[in-house]
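[1] What follows is a protein structure lacking sequence information:
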């Protein structure tokens, strides 16, 4: 089951053009959680050698919660869509190194709303951002 969820989340991630542009890859996934990885390159910084831009970290908070929500049932197969309703990010450190990671999990999922949280770390394991996102779950049209 876990391998099926991981494969479905990776397939959905490959279809997301924004994720592809940022270089977001899915390292691991299970029901209600994901671990994302982004190789750091200069395009993700304000200047060569600077820390990763905060907008990238905020995107990872959103993406990890959305990815975690996408692990549930038909959502993992693309049968349910979703939209971010609220996003809150606290930046607690500078992301340095060659990779950043985002671990997102769903805290509570209802019929139409889901709440999740994410921790973003750099390759040294330094916590660089934490955040929460609220998502609307959109049922497929019949």
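    Thanks, I have the structure now. The structure presented is a predicted model; accordingly, all values stated were derived computationally and were not measured.

[2] Going by C-alpha atoms from here, please, whenever you check contacts or count neighbours.
    Fine.

[3] Who are the contact partners of residue 24?
    Going by CA atoms under 8 Å, 6 or more residues apart in numbering, residue 24 touches 13, 36-39.

[4] Now, these that are in helices?
    Under the assignment DSSP state H, the contacts of residue 24 contribute residue 13 to helices.

[5] Report the residue spans of this protein with pLDDT below the cut-off.
    1-2, 73-80, 142 (pLDDT under 70).

[6] Tell me where it has strands.
    25-30, 33-39, 81-91, 99-109, 113-122, 127-138 (DSSP state E).

[7] Which one of the ones you listed lies nearest to residue 6?
    Distance to residue 6, taken as CA to CA, is lowest for strand 25-30 among the strands of the chain, at 5.0 Å.

[8] can I get the strands of the chain in a markdown table with mean neighbour count and distance to residue 46?
    Shown next, in a markdown table, are the strands of the chain (neighbours: other CA atoms under 10 Å; distance: least, CA to CA, whole Å):
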| stretch | mean neighbour count | distance to residue 46 |
| --- | --- | --- |
| strand 25-30 | 20 | 22 |
| strand 33-39 | 22 | 16 |
| strand 81-91 | 15 | 16 |
| strand 99-109 | 23 | 16 |
| strand 113-122 | 23 | 17 |
| strand 127-138 | 21 | 16 |
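
[9] Dump those strands to a markdown table, plus distance to residue 71.
    Listed next are the strands of the chain as a markdown table, based on distance: least, CA to CA, whole Å:
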| stretch | distance to residue 71 |
| --- | --- |
| strand 25-30 | 7 |
| strand 33-39 | 7 |
| strand 81-91 | 12 |
| strand 99-109 | 10 |
| strand 113-122 | 12 |
| strand 127-138 | 13 |
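
[10] what separates the nearest residue to residue 89 once chain neighbours are set aside from residue 118, distance-wise?
    Residue nearest to residue 89 in three dimensions, not counting chain neighbours: residue 131, with 4.2 Å by CA to CA, 6 or more residues apart in numbering. Distance, residue 131 to residue 118, by CA to CA, to the nearest Å: 5 Å.

[11] Quick check: closest non-adjacent residue to the spatially most central residue of the chain.
    Nearest to the geometric centre of the chain sits residue 64, at 1.8 Å (CA atoms, centre = their mean). Spatially, and ignoring its direct neighbours in sequence, residue 64 is nearest to residue 104 (4.5 Å; CA to CA, 6+ apart).

[12] Before I go, just wanted to say thanks for your time.
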